[in-house]
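Chemist: Curious how this folds, go ahead:
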Amino acid sequence: MSKAVAEVDSGMEVVIHTNAGDVKLTPAIVRRYLVNGNGNVTDQEIALFLGLCRAQNLNPFTREAFLVKYNGNQPAAIIVAKDAFLKRAYRSESFRGHKAGVICQASGQGNITYTEGFCPPGSKIVGGWAEVHRDGWSFPLRVEVDLNEYQAKKSDGTPNRMWSEKPATMVRKVALVQALREAFPDNFQGMYSEEEIPTQEELPKTPVPDPAVIDAGNTASDQRRRRNKYRVDPMIFGSDEIMTCGCTDEQLMALHAAAKSDPDCKLWITAQVKLLTGYDQWSYMREEEAAQLIEAVEIYRQRQTAQNDPPTESSEPPSTAEPSDPQTLPDDLVDCPKGDRVSVSQYCSNCRDRQTLGGCPVVDGEEPMDEETRFDTEG
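Modeler: The predicted model follows:
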């Protein structure tokens, strides 16, 4: 493992130097703001991403670099934007320009033509080409790439949307970044573009706001909602496709069954989900969050049952014991608003409802105690 990655693993920050100032990157910042896709990245994948950003001074907040993962079965992809290649090339004192285009072939295995992006009628695109000129070289470095080697395809074998709609643009980019990488190996080592590494969707181009700006003045709910935006997967629940953040079909069924039997429980579950995720959708819980909520629902329903069930008559015969001596009973009994007859000294002084409300209508009168009186009583 490289020194850069080893230092990241030990918890050190990575600092990217930009014209607008230094940018701080940590594993937590990357995991929270800079992962594209809905797969869970590993610590090693984050370390490799931070190592490349530091070694090549790439700023992922301006979309110069991407960490992409769509599922846990495939490794994460580290992708560099084409514009980042060109910016770095332009900053090199030995860079003297470039040319790029597409390779076309006339129908029926006809003649090959080289253009700078336009494919003549009756021809098809078969590849891309690029030339990079460097100071001190008597001729440019030229690269040609085959379209079939890089054209990203869907599971049915057809090209994906970007390669289907813009094949000339895509294959031209592949040729250009390869030429730049060969012409300037020190400047572009380990850097690969989106066109070279297939992705399921087009990567975003809008810069990511600074984390300090994102979190300033935000509520916890807002922050949870932003994190959840990047962790949803489609799932079939019943006959509908829904978005889930990890909770399982069985967990949702258990919650819906509990809600169906008690409308109040449904409202309570929705409130708890919003506290956990910032959303009303139950499916936006993670698996561990849903498991905790199912346990809490069971406790909630047990309490509701205990409050609603009337006391059952005792099956034991009435007692024949002599009544207790009245003198042995406490002399400060009162009728508690909860329905019991209790001792003020033994029960009311520790009553949580009385402490929370600031007073009891039976013990303290109809109006709750004021703050000073309540604190004196508690003292």
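
Chemist: Distance of E194 relative to I125?
Modeler: For E194, the distance to I125 equals 18 Å [CB to CB, to the nearest Å]. Every residue, glycine included, has its C-beta placed from N, CA and C.

Chemist: mind showing which ranges of this protein have poor pLDDT?
Modeler: Along the chain, the parts satisfying pLDDT under 70 run over 1-12, 72, 200, 209-244, 278, 308-335, 337-347, 349-350, 352-359, 361-379.

Chemist: show me where it has strands.
Modeler: 14-18, 21-25, 35-36, 65-68, 77-80, 95-106, 112-115, 123-134, 141-146, 233-237, 240-244, 333-335, 341-343 (DSSP state E).

Chemist: Take the ones you listed and lay them out in a markdown table including mean neighbour count and distance to A168.
Modeler: Formatted as a markdown table, the strands of the chain follow (neighbours: other CB atoms under 10 Å; distance: least, CB to CB, whole Å):
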| stretch | mean neighbour count | distance to A168 |
| --- | --- | --- |
| strand 14-18 | 15 | 33 |
| strand 21-25 | 14 | 35 |
| strand 35-36 | 22 | 25 |
| strand 65-68 | 22 | 23 |
| strand 77-80 | 22 | 21 |
| strand 95-106 | 18 | 5 |
| strand 112-115 | 14 | 9 |
| strand 123-134 | 20 | 6 |
| strand 141-146 | 17 | 13 |
| strand 233-237 | 13 | 32 |
| strand 240-244 | 15 | 35 |
| strand 333-335 | 13 | 87 |
| strand 341-343 | 15 | 85 |
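
Chemist: Which of the ones you listed sits closest to P204?
Modeler: Closest approach to P204 among those is made by strand 35-36 (7.2 Å; CB to CB).

Chemist: what does the closest one contact?
Modeler: 41, 66-69, 203-204, 230 (CB atoms under 8 Å, 6 or more residues apart in numbering).

Chemist: hmm, 7 Å instead?
Modeler: 41, 66-69, 203, 230 (CB atoms under 7 Å, 6 or more residues apart in numbering).

Chemist: quick check, nearest of these to E165?
Modeler: Using CB to CB, those come closest to E165 at L203, 15.8 Å.

Chemist: The closest one reaches E194, doesn't it?
Modeler: Yes. The criterion here is CB atoms under 7 Å, and L203 meets it with E194 at 5.6 Å.

Chemist: who touches both of the two?
Modeler: Joint contacts of L203 and E194 (CB under 7 Å, 6+ apart) are I79.

Chemist: more neighbours, those two?
Modeler: Ranked by neighbour count (other CB atoms under 10 Å), L203 and E194 place E194 first, with 22 against 13.

Chemist: Show the contacting residues for the more buried one.
Modeler: 79, 203.

Chemist: Distance check, the residue nearest to L276 when sequence neighbours are not counted against A81.
Modeler: Distance criterion CB to CB, 6 or more residues apart in numbering; nearest residue to L276, sequence neighbours excluded, is E289 at 5.1 Å. Distance from E289 to A81, counting by CB to CB: 35 Å.

Chemist: Compare these two and say which is more crowded by neighbours.
Modeler: Taking neighbours as other CB under 10 Å, E289 and A81 compare with A81 leading, 21 against 18.

Chemist: Just confirm the more buried one contacts E64, I think it does.
Modeler: Yes. Using CB under 7 Å, A81 is in contact with E64, at 5.6 Å.

Chemist: need the contact list for P60.
Modeler: 34, 53, 66.

Chemist: from those, which single one is nearest H98?
Modeler: F66 (23.1 Å).

Chemist: Mind listing the residues bridging to the closest one?
Modeler: For F66, the beta-bridge partners under DSSP bridges are I79.

Chemist: With N36 instead?
Modeler: V68.

Chemist: how much space between it and R63?
Modeler: Counting by CB to CB - N36 and R63 are separated by 10 Å.

Chemist: what would the contacts of P60 look like in CSV with distance to F184?
Modeler: Output for the contacts of P60, formatted as CSV (distance: CB to CB, whole Å):
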residue, distance to F184
L34, 26
C53, 18
F66, 21
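
Chemist: closest to H256 among these?
Modeler: L34 (35.2 Å).

Chemist: tell me, how many neighbours does that closest one end up with?
Modeler: 22.

Chemist: so how far is T62 from it?
Modeler: 11 Å.

Chemist: just G110 next, same as before
Modeler: Counting by CB to CB - G110 and T62 are separated by 44 Å.

Chemist: Could you do D264 as well?
Modeler: 50 Å.

Chemist: Between the two, which has more neighbouring residues?
Modeler: Neighbours per residue (other CB under 10 Å) separate D264 from T62, with T62 holding more: 18 against 11.

Chemist: For the spatially closest residue to that one that is not a sequence neighbour, give me its contacts.
Modeler: Spatially, and ignoring its direct neighbours in sequence, T62 is nearest to P207 (5.0 Å; CB to CB, 6+ apart). Listed by CB under 7 Å, 6+ apart, the contact set of P207 reads 61-63.

Chemist: What of Q251?
Modeler: With CB under 7 Å, 6+ apart, Q251 has these contacts: 290-291, 294.

Chemist: tell me the contacts of P204?
Modeler: Counting by CB under 7 Å, 6+ apart, P204 has contacts R63.

Chemist: Quick one: residues in contact with the longest helix along the chain.
Modeler: With secondary structure taken from DSSP state H, the chain has its longest helix at helix 287-308. Taking contacts as CB under 7 Å, 6+ apart, the residues outside helix 287-308 that touch it are 246-248, 251, 254-255, 258, 262, 265, 268-269, 272, 276, 285.

Chemist: ok, back up a step: nearest to C351 among the contacts of P60?
Modeler: L34 (51.8 Å).

Chemist: now that closest one, nearest residue through space, not along the chain?
Modeler: With CB to CB, 6+ apart as the criterion, L34 has its nearest non-adjacent residue at 4.9 Å, and that residue is P60.
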